[in-house]
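# Provided below are the primary sequence and the corresponding predicted coordinates.
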Amino acid sequence: MLKIGVLISGRGSNLQSLIAACAASGFPAQIACVISNKAEARGLDHARAANIPALVISHRDYADRPAFEAALDAALAQHQVQLVCLAGFMRILTAWFTERWRDRLINIHPSLLPAFPGLDTHQKAIDYGSKLTGCTVHFVRAEMDHGPIILQAAVPVFPEDTEETLSARVLKAEHKAYPTALRLIADNRVNVFEERTFISDVPASDEALFSPPKL
Ligand code: GAR
């Protein structure tokens, strides 16, 4: 059983998808703790409802980023966490933390990276006129929204989409993508080599995704 720690800042719907996945029999990971940097994060309620230790470590209680990250690191160690999953965690992490947890720290981002890093990804995809967008699960490096990609899921962008309709479609994909990526790691199928991941035993499919659909 791989012990994971989930870091959140808000709603926690991705956390909820990880809780549900880990509750299924035979799933190779368990959530050792959930940590939020915000006391009001709704995701903490999902953790408490599932009897998972739910901690608040507020960045406001620490003098600087290194002190905040040292507290995060200590809590993760205390819960014997082996893999950290960022799930809507909205603090930038320093190179000290990302190196300390190198290849043991993953994030989900709501775009097909390297397109649209940062915030407002859905509006950016709409404004750009992208026909496909999606989500990316990746190992975290010090550079924001950057690092070896583990898995991506694509969804179409429709002409009538708003930020709300598109984010809902991507979020649905996120809720499948994050547990899938976690399972791959927990099953020891993901290797990082020269800043790319290699995943063992993937069934071959060379079908193209079309948006708009192929005529
Ligand atoms: C998700 O869409 C996640 O991909 C995004 O925040 C949302 C959190 O929702 N993360 C980022 O933008 C990180 N760069 P949730 O709290 O319901 O999981």
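Done, it's in. Residues are numbered from 1 along each chain as shown.
# buried residues in the helix or strand encompassing Ser17?
Taking DSSP states H and E as the criterion, Ser17 maps to helix 13-23. By 16 or more other C-beta atoms under 10 Å, the buried positions in helix 13-23 come out as Ser13, Asn14, Leu15, Gln16, Ser17, Leu18, Ile19, Ala21, Cys22. Where you see a C-beta, it was placed from the backbone N, CA and C, and this is true even at glycine.
# got a list of what the fifth one touches?
For Ser17, the contacting residues are Glu174, His175, Lys176, Tyr178, Pro179, taking C-beta atoms under 8 Å, 6 or more residues apart in numbering as the criterion.
# so it versus Leu132, what's the distance?
22 Å (C-beta to C-beta, to the nearest Å).
# tabulate the contacts of Ser17 (a markdown table), appending secondary structure, neighbour count and pLDDT.
A markdown table is the format used below for those (DSSP: H, G, I helix; E, B strand; the rest coil; neighbours: other C-beta atoms under 10 Å; pLDDT from 0 to 100):
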| residue | secondary structure | neighbour count | pLDDT |
| --- | --- | --- | --- |
| Glu174 | helix | 25 | 98 |
| His175 | helix | 20 | 98 |
| Lys176 | helix | 14 | 98 |
| Tyr178 | helix | 26 | 98 |
| Pro179 | helix | 21 | 98 |
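# Thr182 - that's part of a strand, no?
For the record, residue 182 is Leu, not Thr. No - per DSSP: H, G, I helix; E, B strand; the rest coil, Leu182 lies outside any strand segment and is helix.
# just give me the closest of the buried residues of helix 13-23 to Tyr62.
Closest to Tyr62 out of the buried residues of helix 13-23 is Leu15 (22.8 Å), distances taken as C-beta to C-beta.
# residue numbers of this protein in contact with the ligand?
8, 10-14, 43, 87-88, 108-110, 145, 171, 174 (C-beta under 6 Å from any ligand atom).
# if anything else comes up later, I'll come back, but that's it for now.
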